[in-house]
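Enquirer: Can you look at this prediction? I've put the sequence above it.
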Amino acid sequence: MPARSLRIVLAAIGSRGDVQPALALAQALAERGHVPVVAAPPNFQTWVTGLGFEFKPLGMDIQVFLQDNPEVMTGHPLKLTREVIRYLTAQWPQHVTQLALISEGADIIVHAGIALMTGPIVAEAMRLPSLGVLYTNCLMPSSLHPPPTIRARGLPGWLNRWLWQLDHVLANLFVRGMFNRRRASLQLAPVRNVRHYLFEQNAPVIAIDETLFPPDPRWDGLYAYTGFLFLDDPAPLAPQLDAWLRDGEPPVFVGFGSMSGKGIDRAGKMMLDAVSATGRRCIVGAGWGGLGAGELPDGWRVVRDAPHALLFPRMAVVVHHGGSGTTAQALRAGVPQVLVPLFLDQFHHAHRLHLAGLAPKPVAMEKMTPAQLAASLAAALALPAGPRQAAAQRLRASDARGDIVRRVEAIAGHAR
């Protein structure tokens with residue numbers, strides 16, 4: 001056990017995919033005798049406190065924001081950038097003020113999701129150590145992939161590097177002014193290079209699988225990989241759902257997590273129709289978009305909050321958007337998957353899994369047709385099981401939670 005108990009603020013702003021890994025870390029910290037304080041959007045309060053953790057609201061209800069701003073989920077990079085800048089303009093001052101108050105008396109700030117932009121500033125102003133946790137590696141400049149706003153994959157290395165140089169210029173153009181105003185509000189000096197400050201000076205750990213998402217050699221060991229963070233969810237499957245699963249062939253799962261909006265509705269309905277045409281049973285993950293709200297074939301099931309860790313191993317194939325958390329759970333379950341990306345890191349994850357022979361070639365959500373989905377389902381089921389099982393065994397054996405806890409203890413202990 002550690003020499004003394006630490007009070008650790010876990011700041012995570014974003015969707016469920018941003019908050020759930022932070023809760024996995026909270027579990028591991030509590031098991032080590034520390035006191036995790038989870039700071040997250042208010043719509044997660046019931047979930048966090050239900051797991052027994054102290055909760056502090058940070059920012060606005062993200063689900064309401066996404067419902068009120070459907071252009072975020074269109075997948076259009078310019079519209080997305082505009083909405084993100086609007087969001088930061090309105091919310092960033094509140095994030096800084098709230099996190100500073102929440103962090104009084106803390107030993108360290110651990111930040112994830114959108115809080116990666118707030119945690120380092122607040123920690124610097126309060127003279128606290130901090131650690132960022134990133135759930136993808138596609139935010140780091142690399143010759144292996146373009147910036148996440150670029151959908152195209154498999155580009156030559158020189159073009160990826162050029163696109164990152166352009167991204168660097170645009171990031172400073174659109175964000176540096178806001179960023180330095182937040183720093184000034186805490187009596188901190190301005191920075192010239194926002195990306196360098198956030199991702200090099202305050203280099204986060206990368207909580208994904210290094211084999212599937214390899215580092216760029218140019219990073220020269222700057223970023224530590226830990227593996228994916230998995231939450232131990234005590235909630236069992238509902239008895240009726242468990243009985244339904246035992247009473248027939250493994251079904252197809254279709255779900256898009258926190259994705260919502262008209263485009264999601266249209267794509268979701270089309271995909272459900274395509275699955276229905278195969279004659280297979282199906283479980284629909286309602287998610288934030290309310291997928292499966294209409295009439296469904298007899299015998300299908302809609303789940304709203306079933307733990308993926310218990311559900312996915314019993315599926316024939318998982319159809320999803322390619323978010324980091326859903327991708328990780330499907331990999332850990334060792335089941336075939338079809339990734340239908342909409343935006344940002346989802347295209348990166350889908351491409352890397354396809355290269356590894358773990359998923360068919362991805363088709364963007366708005367371009368997917370019933371025939372393409374049927375072909376993708378068949379292709380996923382036909383892929384060799386060996387690579388899938390090897391990845392599953394590797395993920396089950398990893399100890400990301402323990403790795404990050406040890407880093408937190410070392411950083412906080414050194415600061416003392």
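Expert: Right, received. Where do you want to start?

Enquirer: and the gap between the nearest residue to Arg161 once chain neighbours are set aside and Ala356?
Expert: Of all residues beyond its chain neighbours, the one nearest Arg161 is Ser143 (5.3 Å), with distances taken as C-beta to C-beta, 6 or more residues apart in numbering. Backbone N, C-alpha and C define where each C-beta goes, glycine included. Look at Ser143 and Ala356: by C-beta to C-beta, to the nearest Å, they are 19 Å apart.

Enquirer: And Leu377, by the same measure?
Expert: The gap separating Leu377 from Ala356 is 19 Å, by C-beta to C-beta.

Enquirer: Of those two, which one has the most company?
Expert: For the pair Leu377 and Ala356, the greater number of neighbours falls to Leu377 (22 against 17), based on other C-beta atoms under 10 Å.

Enquirer: so the more buried one is in which element?
Expert: helix 370-382 (DSSP states H and E).

Enquirer: residues of that helix that come out buried?
Expert: Within helix 370-382, the residues that count as buried by 16 or more other C-beta atoms under 10 Å are Gln372, Leu373, Ala375, Ser376, Leu377, Ala380.

Enquirer: which other helices and strands contact that helix?
Expert: Using 3 or more C-beta pairs under 8 Å, 6 or more residues apart in numbering; DSSP states H and E, the elements in contact with helix 370-382 are helix 262-278, strand 317-320, strand 337-339.

Enquirer: Following the chain onward from the biggest helix by length in the chain, which element is next?
Expert: In the chain, with assignment by DSSP state H, the single longest helix is helix 157-185. Using DSSP H and E, the helix or strand that follows helix 157-185 in sequence is helix 194-196.

Enquirer: Tell me where the model's unsure across the stretch 51-200 of the chain.
Expert: The stretch 51-200 of the chain contains residues with pLDDT under 70 at 72-75.

Enquirer: all helices of it, in order?
Expert: 62-68, 77-102, 119-126, 157-185, 194-196 (DSSP state H, counting those that start in this stretch).

Enquirer: Deepest-packed of these, please.
Expert: Greatest average neighbour count among those goes to helix 119-126 (a mean of 23), per mean count of other C-beta atoms under 10 Å.

Enquirer: Between helix 77-102 and that helix, find me the angle.
Expert: Relative orientation of helix 119-126 versus helix 77-102 (axes from the mean of the first three to the mean of the last three C-alpha atoms, to 10 degrees): 30 degrees.

Enquirer: Can I get helix 119-126 as PDB, trimmed to CA atoms?
Expert: Coordinates of each C-alpha in helix 119-126 appear next as PDB, following Å, rounded to 0.1, in the frame of the first residue of the first chain:
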ATOM      1  CA  GLY A 119      -6.100  20.300 -16.300                       C
ATOM      2  CA  PRO A 120      -2.600  21.400 -17.100                       C
ATOM      3  CA  ILE A 121      -3.400  25.100 -16.800                       C
ATOM      4  CA  VAL A 122      -5.100  24.700 -13.400                       C
ATOM      5  CA  ALA A 123      -2.400  22.400 -12.100                       C
ATOM      6  CA  GLU A 124       0.300  24.900 -13.200                       C
ATOM      7  CA  ALA A 125      -1.500  27.800 -11.500                       C
ATOM      8  CA  MET A 126      -2.100  25.800  -8.300                       C
END
